[in-house]
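Novice: One predicted model, sequence on top.
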Amino acid sequence: MIATGGTGGHIYPALALAELLKQKYPEVTILFVGSSMRMEADIIAKRGYPFIGMEMTGMNGGFRAKVESALSLYKAQKQCRILLAKEKPDICVGFGNYISVPLIMAAHSMHIPTMIHEQNSTAGKANKMLAGFADAAVGSYEGNLRQLGEKNTRVLGNPEATLASMTSPDKDAVKAYGIDPDKPFAVFMMGSLGSSSVSGVIDEACSLFDRDYQLLIAAGKDNDYKFHTANDSQVHIVPYVNGIQCLLQADVSVTRAGATTLSEIAAVGACSVLIPSPFVPNNHQVYNALELVSHNAARMIEEKDLTPQKLADTVNELMHDKQKLNTIKNNAKSLGCPDAGWQMIDWIEEILNHGSNGK
């Protein structure tokens, strides 16, 4: 049983683990638990997995919000105990969103083995709360050892990296966006919803990018910004792209610094310019990005420092300095965790065969 939800950063690693489990054990039954009111209800159902939706409020806010959260947690835990008694899962895995709290706590109270996964360099509130209850905690960065406790934590990485490393370049995938895959191109991806503020900077920068390479801009499905360069033959603007295919084939990728994106960047060895989102808890995308930047495995421009000229200068430099570009690619790949998903499955097997923490 897998609990996940809230954002793609929690949902897609959970789906990656499920896909890898299915590859290794085709007969396995996987049941997802999440919020009935968030995006996971739609995404997981479309992947064909059984999904149980429940209602629980988040853990942020003032005193009243915290009281309401505590009450909803109590109610959700009761629901989870009933669900666990019915389904009798071998193990419960939580991927960090607050919706994972009642399932992991209920499973712990019923002596069902538990595992949690942390995608970010700074552990979220849910996982910090659950670290003392979970039999196993999987981190993606060394700092997670201190945050979640070294006794039951292993730094294995993000299972999404395993799927990315198993993907081969498909030229037809980028041809569909108007790109000639045999010629240099840079891709700009600000997440599935897009960013109107960053889109404006990219738009202004289009006249400053050198003309000897192509530009592919994934505007985002819900981005209301109207690009003025839409008719430029150098520029190709689409609502959405296959992120892994673009990371595999673009010379330079300009992206946010979400945990899943960074795990894919490292897994395939992409050269990236990271623009961390300032609209996330604890500014964790900056800290995620620094894990690559500190190893010369990426460049970073914080949004507060982002200008059209700075963006264009950075991309132009990398597009034309193959030595720097290849160094960044190689350094990124050296930080990748292509076996993360398989190692998580190995640990699950240890727990089920030998008890808590594989001992």
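Specialist: In hand now; what should we look at? Numbering: from 1, shown residues only.
Novice: can I see the domain layout of this structure?
Specialist: Here the domain parsing of the chain from automatic domain parsing is 2-158+338-358, 165-334.
Novice: from what I can see residue 106 touches residue 87, true?
Specialist: No - using CB atoms under 8 Å, residue 106 is not in contact with residue 87; the gap is 11.7 Å. In short, each C-beta sits where N, CA and C put it, glycine included.
Novice: So between these two, which is more surrounded?
Specialist: Set side by side, residue 106 and residue 87 show more neighbours around residue 106, with 23 against 14, by other CB atoms under 10 Å.
Novice: give the contact list for residue 181.
Specialist: By CB atoms under 8 Å, 6 or more residues apart in numbering, the contact list for residue 181 reads 169, 171, 174, 175, 249.
Novice: quick one: which two of those residues are the most distant?
Specialist: Maximum pairwise distance in the contacts of residue 181, criterion CB to CB, is 11.7 Å, between 169 and 175.
Novice: and the gap between the nearest residue to residue 165 once chain neighbours are set aside and residue 160?
Specialist: Leaving aside its sequence neighbours, residue 165 sits nearest to residue 338 (CB to CB, 6 or more residues apart in numbering; 3.6 Å). Taking CB to CB, to the nearest Å as the measure, residue 338 falls 11 Å from residue 160.
Novice: These two - which one has more neighbours?
Specialist: Between residue 338 and residue 160, counted using other CB under 10 Å, the more crowded position is residue 160 (30 against 19).
Novice: check which helix or strand covers that one.
Specialist: Assigned by DSSP states H and E, residue 160 belongs to helix 159-165.
Novice: The next helix or strand after that helix: which residues count as buried?
Specialist: Sequence order places helix 171-175 as the next helix or strand after helix 159-165, per DSSP H and E. Using 16 or more other CB atoms under 10 Å as the burial criterion, the residues of helix 171-175 that qualify are 173, 174.
Novice: what do you get for stretch 327-335?
Specialist: So, applying 16+ other CB under 10 Å, buried residues of stretch 327-335: 328, 329, 331, 332, 333, 335.
Novice: any idea which of those is closest to residue 314?
Specialist: When the buried residues of stretch 327-335 are compared for distance to residue 314 (CB to CB), residue 328 comes out closest, at 11.5 Å.
Novice: hang on, the closest one packs against residue 295?
Specialist: No - counting by CB under 8 Å, residue 328 does not reach residue 295; the two are 9.5 Å apart.
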